[in-house]
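Undergrad: I need the structure of the sequence given here:
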Amino acid sequence: MTSRPDGNFDVDANEQINITIIKSLPNCEAGIRLTGATLSCQPTQFPTCKQCSFTAPGTSGAQVTLAMSFDFQSDAQGNFANGDKYTLTFSGAGGSTVPAIDIFPPPALAMVFIFFVR
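TA: Here you go, the predicted model:
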């Protein structure tokens, strides 16, 4: 797996991709939706919010679309807690990783990543 300049990723055919979401403060409200492959998620405990994986299709030119949302709780005045964030990491076969992505308030409701099969 490698990063593309547009923020998406190139992956090998049949490569397993791991997705980890860490939350700095309790109350994980992250959502994940995948098209083009089957998403498998494992039970987690704080600070891990989500731990999921999928296997890229075996056909060159195929693509998988990952849509994610990250919600944050605010107080009665609409302020968010200092230091609240999600950290999103992707890793692939052979331990290949790309730089982690930090998501800060306000909520990010439609982050989309596309994985292109080489």
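Undergrad: any idea what residue 105 is structurally, helix, strand or coil?
TA: coil (DSSP: H, G, I helix; E, B strand; the rest coil).
Undergrad: In contact with residue 68, which residues?
TA: Contact analysis of residue 68 by Cβ atoms under 8 Å, 6 or more residues apart in numbering lists 30, 31, 32, 33, 88, 108, 111, 112, 113. In short, each C-beta sits where N, CA and C put it, glycine included.
Undergrad: What pLDDT is listed against the first one?
TA: Just to be clear, that refers to residue 30. Note on residue 30: pLDDT of 95.
Undergrad: Quick check: buried residues in stretch 80-96?
TA: Residues of stretch 80-96 classed as buried by neighbour count (16 or more other Cβ atoms under 10 Å): 80, 84, 85, 86, 88, 90, 91, 92.
Undergrad: so what's residue 54 up against?
TA: By Cβ under 8 Å, 6+ apart, the residues touching residue 54 are 16, 17, 19, 34, 37, 38, 39, 40, 64.
Undergrad: Which entries within those residues meet the buried criterion?
TA: Buried members of the contacts of residue 54, scored by 16+ other Cβ under 10 Å, are 17, 19, 34, 37, 64.
Undergrad: list the helices and strands the helix or strand encompassing the third one packs on?
TA: If I follow you right, that is residue 34. For residue 34, the host element (DSSP states H and E) is strand 30-35. Applying 3 or more Cβ pairs under 8 Å, 6 or more residues apart in numbering; DSSP states H and E, one finds that strand 30-35 contacts strand 16-23, strand 48-55, strand 63-70.
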